[in-house]
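Novice: got a predicted model here, sequence first, then my questions.
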Amino acid sequence: MSNQKLKLIPREDYIFNLKSFLDKPIIKVLVGMRRTGKSSLMRLIISYLIDTGVDEQNIIYINKESLEFDFIKTYEDLYKYVKENFKNISGKKYLFIDEVQEIEYWEKAVNSFLAENIADIIISGSNARIISSELASLLSGRFVEIPVYSLTFREFLKFRNNYSDIEEEFKNYIKYGGLPGIHFFDFNDEVVFTYLNSILNTILYKDILLKFNIRDTKTFDKIVRYVFDNIGSITTAKRITDYFKSQRLKISLDTVLNYVEFLERSLIIDRVERYDLKGKKILEFYDKFYLNDIGLRNGLIGYRDNDISGLLENIVFNELKARGYKVKIGVYRNYEIDFIAEKLKEKKYIQVCYLIKDDKTYERKFRSLEKIDDNYEKIVISLDKFFPQEIKGIKHIYLLDFLLNLNSNPIPNL
């Protein structure tokens, strides 16, 4: 393997965000699914600190995935180790803790470090337990959360260092996804899918089966495969149980609800709510699921060309998340709106399809947006290169232009 491949590649948006919060009296929290690159970001920031004159002895990096730190099991172990190693060290100090959720009651030690001004603190986690409202409770509001996602297509091209055949690289992106580690390997199905399956198995076993003491692994596996095979489709727990009932398998509603929740907690999937634009309310129990990395799905159940529409929808969803949008599924009268994307005072209605090849597709994607009687931006994204850029005030954007911000009026990047 070449040194070029082993070199850490900066992800500028994340590095910029982290640098802007360094030496501020808040805890920096990197949150994302395993193998999305949180450890690499920490190492890049550590290199930056050393390059700017920080002494290595002023930096502690604890990686809970390394056996070197297996002895740190509780908040007491963590507190003792950090205090001992920073004893008699002068100057600004920095503490990095990777996969902090592996330490029991870690928040007690971290809150104490902040209160005692022991060090500037950067932590990471790959479990939903340390995000949002629960994180606010654990850290008393003294933190900033930085979500870390799989590579966007722009980042994917940078990692590949290949801008000469963008369409061919997009085919690789659809098939293999955006986990940074795949770029250590030659791109062929056997090698990459084997690697992706090893990651998925680790997440399913370590973050779900072991943590939640699930013994019925066969049922769990069936539910995982069902969710992976139905990304972008309206899903209810009852619909899942009815499907298995049709296959002569009895799986209770509670089991489905619990197992899907566990998948969410491990950050493999996102549950997206459906919002009734006319009634202005959330439609409960009718959600869609998207994967945080589509490569994991293809590694598990295989890549199929006829799944292209759902995969493209998932890619656009992940791109919107990476750009900082809050995303819902829209419903307007009898029409479905793929995404309502909101950020600050922005709101955009977005439809996604493979190709606008017939009147039925046009009706489903364009006509639904025409019916919405407000002035927010309305966009249809597809792989049609030569479709008109605008029809009746509704923009059309070629998918690769959207992902690469090449349109004349692109949705702004972070």
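Specialist: Looks like it came in fine.
Novice: alpha carbons of the helix or strand where Phe317 lies, as CSV, please.
Specialist: Assessed by DSSP states H and E, Phe317 sits inside helix 308-322. Provided in CSV are the C-alpha atoms of helix 308-322 (Å, rounded to 0.1, in the frame of the first residue of the first chain):
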residue,chain,number,x,y,z
ILE,A,308,-31.1,3.3,-8.2
SER,A,309,-34.0,5.6,-7.2
GLY,A,310,-33.8,4.8,-3.5
LEU,A,311,-30.0,5.0,-3.5
LEU,A,312,-30.1,8.5,-5.2
GLU,A,313,-32.7,9.7,-2.7
ASN,A,314,-30.5,8.5,0.1
ILE,A,315,-27.4,10.2,-1.3
VAL,A,316,-29.3,13.6,-1.6
PHE,A,317,-30.6,13.1,2.0
ASN,A,318,-27.1,12.6,3.3
GLU,A,319,-25.8,15.6,1.3
LEU,A,320,-28.5,17.8,2.8
LYS,A,321,-27.5,16.7,6.3
ALA,A,322,-23.8,17.3,5.6
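Novice: buried stuff in that helix?
Specialist: For helix 308-322, a neighbour-count test (16 or more other Cβ atoms under 10 Å) marks 310-322 as buried. All C-beta spots, glycine's among them, are computed from the backbone N, C-alpha and C.
Novice: what do you get for stretch 38-52?
Specialist: By 16+ other Cβ under 10 Å, the buried positions in stretch 38-52 come out as Lys38, Ser39, Ser40, Leu41, Met42, Leu44, Ile45, Ile46, Leu49.
Novice: give me the residues contacting that stretch.
Specialist: 8, 10-11, 14-15, 18-19, 22, 30, 32, 56, 59, 61, 63, 65, 94, 96, 98, 122, 124, 126, 148, 180 (Cβ atoms under 8 Å, 6 or more residues apart in numbering).
Novice: and what of stretch 284-292?
Specialist: Contacts for stretch 284-292 (Cβ under 8 Å, 6+ apart): 32-33, 36, 149-150, 227-228, 230-237, 260, 267-274, 297, 313-314, 317-318, 329.
Novice: now, among the buried residues of helix 308-322, which is nearest to Phe159?
Specialist: Of all the buried residues of helix 308-322, Phe159 sits closest to Ala322, with 14.7 Å by Cβ to Cβ.
Novice: returning to what we had before: helices or strands up against the helix holding Phe317?
Specialist: Packing contacts for helix 308-322, counted by 3 or more Cβ pairs under 8 Å, 6 or more residues apart in numbering; DSSP states H and E, involve helix 166-176, strand 269-276, strand 281-291, helix 294-301, strand 326-332, strand 335-343, strand 346-352, helix 399-404.
Novice: centre of the chain versus it, how much separation?
Specialist: The chain centroid and the centroid of helix 308-322 are separated by 11 Å, computed with Cα atoms, centre = their mean, to the nearest Å.
Novice: compute the inter-axis angle for it and strand 269-276.
Specialist: Orientation check (axes from the mean of the first three to the mean of the last three Cα atoms, to 10 degrees): helix 308-322 against strand 269-276 gives 90 degrees.
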